[in-house]
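*Asks:* output the structure for:
(one chain, ligands or ions: 1)
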Amino acid sequence: MTSIIDLRSDTKTLPTPVMRKAMYEAEVGDDVDGEDPTINRLEMLAAEMLGKEAAIFTPSGIMSNLLSVLTHTRPGDEIVLGSQSHIFWYEVGGASALGGVVMHTVPNEADGTIEPENLRMAIRGKDIDFPRTALLCLENTHNRCGGTVLPVEYTGSISALARRHGLKIHIDGARIFSAAVYLGVPVSRLTENADSVCFCLSKNLSAPVGSILCGSEGFIASARRWRRMLGGGMRQAGILAAAGIVALETMIERLAEDHANARRLAFGLAEIPGLSIQPERVQTNIVLFEPPADFPAEAFIMELKNRGIMLSYMGERKIRAVTHRMINSEDIETCLEHISSVAGGITGKQ
Ligand code: TLP
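*Replies:* Below you'll find the predicted structure:
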């Protein structure tokens, strides 16, 4: 049997043997009552690393983002977010359905940023007819923009603008440790201007389950009530948090390997006739490219799946490959050979 090279997402990473051992041995208690020592340790460690007062362990990135919106806003408020943001595209409309907020999108530039002028124009004045603009949501790294990194200076200046108009700032930092590794700065530099930030343990950091939301003590106390209301109080979930601690302690530096593999993949793809890609724009572990003209992305992905290479569909002309701990440099070469043959097969026929 040929082995599968799964580049669909870094969510596909399996827990390491060290994680499984830590999970087996984890000391646990009832987290709904704050009695799980392993969760408490994970939350303290995460808050400290991100430079925030407190943190809460949640089952998923989506729940972390939702708790943040619910805690920062009231029904009828407006949140400003990028048109390509995960919260807008892939979170089942939860912010609107459950938080009652209007999602006011402004264009994401190709690098995942939002132009300050576009933010300024989106912020409402005090007219009685307007919803209150309550929150700016940023995303770092930016998934649909190809894993792009928001620099420290940009995050500072856009946050300052939002804050001058009374907005709170949330960062969806599902892969924020990739941004920190890329920039070579402590992750707390990327979060210092935000009121809240979440990140995922279950993606590039290889833990099986869970995300963390960080913020002030008061913010996290409110988020804890919302998590309870949504049914996210998980009792002896220290079993899961134990893997999260291993993730934070041992899985961050190695992200550089994933970034190097992504760049190798991107530059390799750039040499394949018919594909369209800007390899120099690849900064972290996400690679976006276009299939050959007249080769629909779905069909291209299916051809590769038949050869054991799994990619994901991001739009009619957009295919995504994500590198992670379970992909090595040889896999990248194998993957390039197959993609080249699939792309060449079709363009050759024309
Ligand atoms: N992203 C997933 C899914 O869209 C399937 C992926 O494969 O990239 N914020 C960002 C920026 C994300 O990329 C994701 C997941 C989430 C939030 C949500 O995390 P989960 O899936 O744990 O709820």
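
*Asks:* near the ligand, which residues of the stretch 101-250 of the chain? Just list them.
*Replies:* Counting by CB under 6 Å from any ligand atom, the stretch 101-250 of the chain comes close to the ligand at 139, 143, 172, 174, 200, 202, 211. To be clear about C-beta, it is placed using only N, CA and C from the backbone, and glycine gets the same treatment.

*Asks:* neighbours of Ser188, how many?
*Replies:* Around Ser188 sit 14 other residues, with neighbours defined as other CB atoms under 10 Å.

*Asks:* distance check, it against the ligand.
*Replies:* For Ser188, the distance to the ligand under the criterion CB to the nearest ligand atom, to the nearest Å works out to 19 Å.

*Asks:* give me the distance between that residue and Arg175.
*Replies:* Between Ser188 and Arg175 the distance, using CB to CB, to the nearest Å, works out to 16 Å.

*Asks:* mind giving me the ChimeraX select for the residues of the stretch 101-250 of the chain next to the ligand, buried ones only?
*Replies:* The command below creates a ChimeraX selection of those among those that count as buried (16 or more other CB atoms under 10 Å):
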select :139,143,172,174,200,202,211
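
*Asks:* contacting residues around the residue in the stretch 151-300 of the chain that the ligand sits nearest to?
*Replies:* Across the stretch 151-300 of the chain, no residue is closer to the ligand than Ala174, which sits at 3.4 Å (CB to the nearest ligand atom). Each residue near Ala174 by CB atoms under 8 Å, 6 or more residues apart in numbering is listed here: 61, 86, 139, 141, 143, 198-200, 203, 211.

*Asks:* check Asn108 too.
*Replies:* So Asn108 contacts 82-85, 114, 142, 144-145 (CB under 8 Å, 6+ apart).

*Asks:* what's the farthest-apart pair in the residues you listed?
*Replies:* By the measure CB to CB, Ile114 and Arg144 form the most distant pair in the contacts of Asn108, at 13.3 Å.

*Asks:* compare those two (neighbour count), which wins?
*Replies:* Neighbours per residue (other CB under 10 Å) separate Ile114 from Arg144, with Ile114 holding more: 28 against 23.

*Asks:* next one, pLDDT for Trp235 please.
*Replies:* Careful, residue 235 is Arg; it's not Trp. Looking at Arg235, its pLDDT reads 97.

*Asks:* which SS state does it fall under?
*Replies:* Secondary structure state of Arg235, per DSSP: H, G, I helix; E, B strand; the rest coil, is coil.

*Asks:* what about it, distance to Glu115?
*Replies:* Taking CB to CB as the measure, Arg235 and Glu115 are separated by 45 Å.

*Asks:* what's the lengthiest helix in the chain in contact with?
*Replies:* Criterion DSSP state H: the longest helix present in the chain is helix 329-349. If you take CB under 8 Å, 6+ apart as the criterion, helix 329-349 is touched by 5, 7, 260-261, 264-265, 268-269, 272-275, 291-292, 294-295, 300, 303-304, 307-309, 321, 323.

*Asks:* show the overlap between these and what lies near the ligand.
*Replies:* Checked against the ligand using CB under 6 Å from any ligand atom, the contacts of helix 329-349 yield no neighbours at all.

*Asks:* what about these, which are in helices?
*Replies:* 260-261, 264-265, 268-269, 300, 303-304.

*Asks:* what count of nearby residues applies to the residue in the stretch 1-150 of the chain that the ligand sits nearest to?
*Replies:* Distances between the stretch 1-150 of the chain and the ligand by CB to the nearest ligand atom are smallest at Gly61, namely 2.5 Å. Other residues within reach of Gly61, judged by other CB under 10 Å, total 27.

*Asks:* let me see the confidence value for it.
*Replies:* pLDDT recorded at Gly61 is 98.

*Asks:* can you confirm Ala110 is in a strand?
*Replies:* No: read with three-state DSSP, Ala110 is coil and lies in no strand.

*Asks:* assign the residue nearest to it when sequence neighbours are not counted to helix, strand or coil.
*Replies:* With sequence-adjacent residues excluded and distances taken as CB to CB, 6 or more residues apart in numbering, Ala110 is closest to Cys145, at 6.3 Å. Taken by three-state DSSP, the conformation at Cys145 corresponds to coil.

*Asks:* Cys145: neighbour count?
*Replies:* Close neighbours of Cys145, defined as other CB under 10 Å, add up to 22.

*Asks:* how about it, what does it touch?
*Replies:* Cys145 is in contact with 84, 108-112, counting by CB under 8 Å, 6+ apart.

*Asks:* what ranges do the helices span in this protein?
*Replies:* Ranges of helices in the chain, per DSSP H, are 17-25, 37-50, 61-72, 86-90, 94-99, 116-122, 152-164, 176-183, 187-191, 217-229, 238-250, 255-270, 297-306, 329-349.

*Asks:* of those helices, which stretch is the most buried?
*Replies:* When the helices of the chain are scored by mean count of other CB atoms under 10 Å, the highest mean neighbour count falls to helix 61-72 (a mean of 26).

*Asks:* next, the angle from that one to helix 217-229.
*Replies:* Counting by axes from the mean of the first three to the mean of the last three CA atoms, to 10 degrees, helix 61-72 points 120 degrees away from the direction of helix 217-229.
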